[in-house]
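Engineer: Let me see the structure of the following:
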Amino acid sequence: FFQAEDGIRDQPRARGLGDVYKRQVIITVALVAVGRWLWGIGPILAANEPNIVDQSQDSQKANTQRAGDTRLHQASRRAGLERLSDRLGAEVPVGSGIIAGHVEGLGGDYMPRQHAGEFSGLTFLAKSGQSKANSHAHGTSRVIYGPKGLAPGVSQVHCYSADHFLGLGYLRSGTAHPPVRSEARVFNHSWVYRNVISVGDVLRRADYVIDTHDVVMVVGVDNGRDSKVPAILSSAFNVIAVGNWTGDSSGGYSVVETSGRCKPDIVAPGNQTSFSTPVVSAMVIRALELADTLDPRRQPQRAEVIKASLLAGAVKPDGWRSRENKPLDPHFGAGRIDIDNSFSILTSECCDVGQSTPPSVQHGWNFSSIQRHHIDSYPFTIPRSSEVSISLVWHRRVIGRPSVNKKTNTTLWMSAARLADLDLQLVQIGLQTPSQVVARSTSKVDNVENIFRRTLPAGQYRIEVIRQDGSREPWEYAIAWRYKSKDLPVARAGR
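Structural biologist: Now for the predicted structure:
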C-alpha cells in the first residue's frame, strides 16, 4: 500500500510537490493491496505542512485558514452554488439531516482534527478505532463540513480508514459476509488503490451497496492526465467518479471489470482530485436533503436519480467531446458540476413515460423501470433554438448472497454481476416529414448514456430509452434532461 502525498506528509519534514513517501501494509482480511493515495495540494487545501496538528504558530494557522476560505468561495462559485443560493435564499438546502461517511488513511491515522474551531457543532465518529489527526483527512473534511464548508448542515460524520472500510469495517471484502449496513447516505473517497488482489470482489461489493442500500459513493480518480483510471474505487460501475476541474487527471477508460468504460463521470473545482471529490460529495449531500422534501412516489432519493441529475446538469467546457459509443469525455466526463442546474432538474415535476413536457418547462427527470426490448419515450417541445443535455443512468446489479463451495466446504459471498444494455436517442418528430434520429448514445459497456447538443433547432422531439438486452428481469433507470433557449443566458463552465 503506497502513499504519494504530494506535499502533505507525516514524516518530520515536507519536501516539494511530487516527492513520494512510501509505506507498505498488508490488510488483514486476506486483501493484499498495492496502491497509492490521491494526495495533493489543491485549491481547497492550501497548507503544505507535515501535519496540521503540528502547526504551532497562530499566524501560520490563520493564513492557512484564510487561503482555504478563499478557495472554498471559489469552489462555491464555480460549482454553481452561489447562483443556487442567490436563487433560493434562505430556503437553499445545506445538508441538514444527512449523515455522511468519510474514508481516509490507514488504521490509527485517518481522522480529521476533531476539535478544530472550523468543525464546531459537528460530531466525527471514529468507526475504525482510535486515530491521530491526519492532515489530508482534515483538508478534505473542511471542504464539506463545518460552518464554512460546502455542506454546513451536516452534523454527523462516520469516519473510516480505507483498509478497514474495504475490509471488516464496511465492504467485508475477502470474507463470506455481506457488506455492513450504515446510516451514512453518501461516502467521500479521496484516495485510490492501484492494484488489489480480488479487485473484482471489492468493486462488486461497492456496486452492491450502492444499488441495494441506496448509498452514493463519490470517489476520486488519480492525478495526472497520463495516469490510468484507478482500479479502486473509481472503476466501480455505480460510483460517481470525479476528476479535477481542468481535466488534468486520469481518464480515458477503465482497465478492470470490463475495460473501456468511461471514467471519470464528472469534474469539479480543484487542482487535485483529492479536493475535487469532496466538492461533489457536498453537492450530493445538498441534493439528498432536497430529495427528502420531494414527492416520495417519484423516488428522488435514489442513487441513480442523484447521479443522473448531476451529469445532466454539468456544464461542458471548451474542448468537451463525446462519441456515439463513448458517452462521456475521456477526461471531463459529463462536464463540470453545476448544482444550480441539477437542482432545477430535481425540482421539476416533469415527467412520466409518455407524458409530454410543456414548452415552458425546461428541465425534467424520471425514475422508471423498463422491460427487455422495450422503448420508453419522453416527448418535449423546444420553442426556440436551445442547448440540450440528457443523461441516462442505471446500475450494475450484483447477486450478493452466501454460497457454499462443495469441493472445499467453504462459504463464499456470491458477487456475480449482471448489467442491462440501455441506449439513449433523441428523435425529431416530423410534422410534414418523417421523424429522424438527431443524436444517439449507444455504449455497449457503460451504465450511463449521454447526449449533448450546443444548438438544437426549435421543434418537437422525444427522448427514447431503448433496452437492447434480452434478460427477463425489469431494469430500473433514471433519466434527467435540461434545455436552455439560446436567447437566454446559458451557464458556462467557469475558469
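
Engineer: From Arg384, how far out is the residue of the chain most remote from its centre?
Structural biologist: Seen from the C-alpha centroid of the chain, the residue lying at the greatest distance (CA atoms, centre = their mean) is Gln432, 43.4 Å away. In this structure, Gln432 and Arg384 are separated by 20 Å, where distance is defined by CB to CB, to the nearest Å. From N, CA and C alone the C-beta is placed, and that goes for glycine too.

Engineer: now do Ile429
Structural biologist: If you go by CB to CB, the gap between Ile429 and Arg384 works out to 17 Å.

Engineer: What of His102?
Structural biologist: The spacing between His102 and Arg384, counted by CB to CB, is 45 Å.

Engineer: neighbour count winner among the two?
Structural biologist: Per other CB atoms under 10 Å, whichever of His102 and Arg384 has more neighbours is His102, with 29 against 14.

Engineer: Could you check which helix or strand contains that one?
Structural biologist: Under DSSP states H and E, the secondary-structure element containing His102 is strand 100-104.

Engineer: Now do the phi/psi pair for the residue farthest from the centre of the chain.
Structural biologist: The main-chain torsion angles of Gln432 are listed as degrees, to the nearest 10 and equal phi -120, psi 0.

Engineer: what do you get for Val192?
Structural biologist: Dihedral pair for Val192: phi -140, psi 150, per degrees, to the nearest 10.

Engineer: Any figure for the gap between the residue nearest to it when sequence neighbours are not counted and Val186?
Structural biologist: Counting by CB to CB, 6 or more residues apart in numbering, Pro230 is the residue found nearest to Val192 once chain neighbours are left out, at 3.7 Å. Here the criterion is CB to CB. By it, Pro230 lies 20 Å from Val186.

Engineer: Repeat that for Asp318.
Structural biologist: Counting by CB to CB, the gap from Asp318 to Val186 is 31 Å.

Engineer: Sheet-wise, list the partners of the host helix or strand of Leu392 with their directions.
Structural biologist: Assigned by DSSP H and E, Leu392 belongs to strand 386-394. Note on strand 386-394: by DSSP bridges, its sheet partners are strand 448-456 (antiparallel), strand 475-485 (antiparallel).

Engineer: Of those strands, flag the one that's most buried.
Structural biologist: Neighbour counts averaged per stretch over these are highest for strand 475-485, at a mean of 23; criterion: mean count of other CB atoms under 10 Å.

Engineer: any idea how far it is from the chain center?
Structural biologist: 17 Å (CA atoms, centre = their mean, to the nearest Å).

Engineer: Over to stretch 416-428?
Structural biologist: Remark: stretch 416-428 is offset 20 Å from the chain centroid, using CA atoms, centre = their mean.

Engineer: Quote the end-to-end distance of it.
Structural biologist: Between the opening and closing residues of stretch 416-428 lies a distance of 40 Å (CA to CA, to the nearest Å).

Engineer: can you pull the buried residues of that stretch?
Structural biologist: Within stretch 416-428, the residues that qualify as buried are 417, 419-428, counting by 16 or more other CB atoms under 10 Å.

Engineer: And the furthest pair within those?
Structural biologist: In terms of CB to CB, the buried residues of stretch 416-428 reach their longest pairwise distance at Ala417 and Gln428, which sit 36.5 Å apart.

Engineer: Across the sheet, point out what pairs with Asn405.
Structural biologist: Per DSSP bridges, residues listed as beta-bridge partners of Asn405: Thr410.

Engineer: Tell me how many other residues surround it.
Structural biologist: Applying other CB under 10 Å, we find 10 other residues in the vicinity of Asn405.

Engineer: Can you list the low-confidence ranges for this structure?
Structural biologist: For the chain, the stretches flagged by pLDDT under 70 are 1-68, 194-197, 486-495.

Engineer: For it, which segments count as helices?
Structural biologist: Chain-ordered helices for the chain, with DSSP state H as the definition, fall at 58-78, 81-88, 135-144, 162-166, 199-213, 273-292, 303-313, 339-346.

Engineer: And those: which comes nearest Gln114?
Structural biologist: With CB to CB, the closest approach to Gln114 among those belongs to helix 135-144: 9.2 Å.

Engineer: Please export the alpha-carbon coordinates of that closest one; PDB is fine.
Structural biologist: As requested, the backbone C-alpha atoms of helix 135-144 are provided in PDB (Å, rounded to 0.1, in the frame of the first residue of the first chain):
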ATOM      1  CA  SER A 135      -3.700  16.300   7.700                       C
ATOM      2  CA  HIS A 136      -5.200  15.000   4.400                       C
ATOM      3  CA  ALA A 137      -8.400  13.900   6.200                       C
ATOM      4  CA  HIS A 138      -8.600  17.300   7.800                       C
ATOM      5  CA  GLY A 139      -8.200  19.100   4.500                       C
ATOM      6  CA  THR A 140     -10.800  17.100   2.600                       C
ATOM      7  CA  SER A 141     -13.200  17.300   5.500                       C
ATOM      8  CA  ARG A 142     -13.100  21.000   5.800                       C
ATOM      9  CA  VAL A 143     -14.200  21.200   2.100                       C
ATOM     10  CA  ILE A 144     -17.500  19.600   3.100                       C
END
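
Engineer: Now do that helix: distance to the chain's middle.
Structural biologist: 17 Å.

Engineer: can you state the direction angle for it and helix 273-292?
Structural biologist: 40 degrees (axes from the mean of the first three to the mean of the last three CA atoms, to 10 degrees).

Engineer: which helices and strands does helix 135-144 pack with?
Structural biologist: Helices and strands touching helix 135-144, by 3 or more CB pairs under 8 Å, 6 or more residues apart in numbering; DSSP states H and E, are helix 58-78, strand 100-104, helix 273-292.

Engineer: What angle do helix 273-292 and the shortest one make with each other?
Structural biologist: Translated: strand 100-104. Taking the same axes, to 10 degrees, strand 100-104 and helix 273-292 form an angle of 170 degrees between their directions.

Engineer: Thanks again, I'm all set now.
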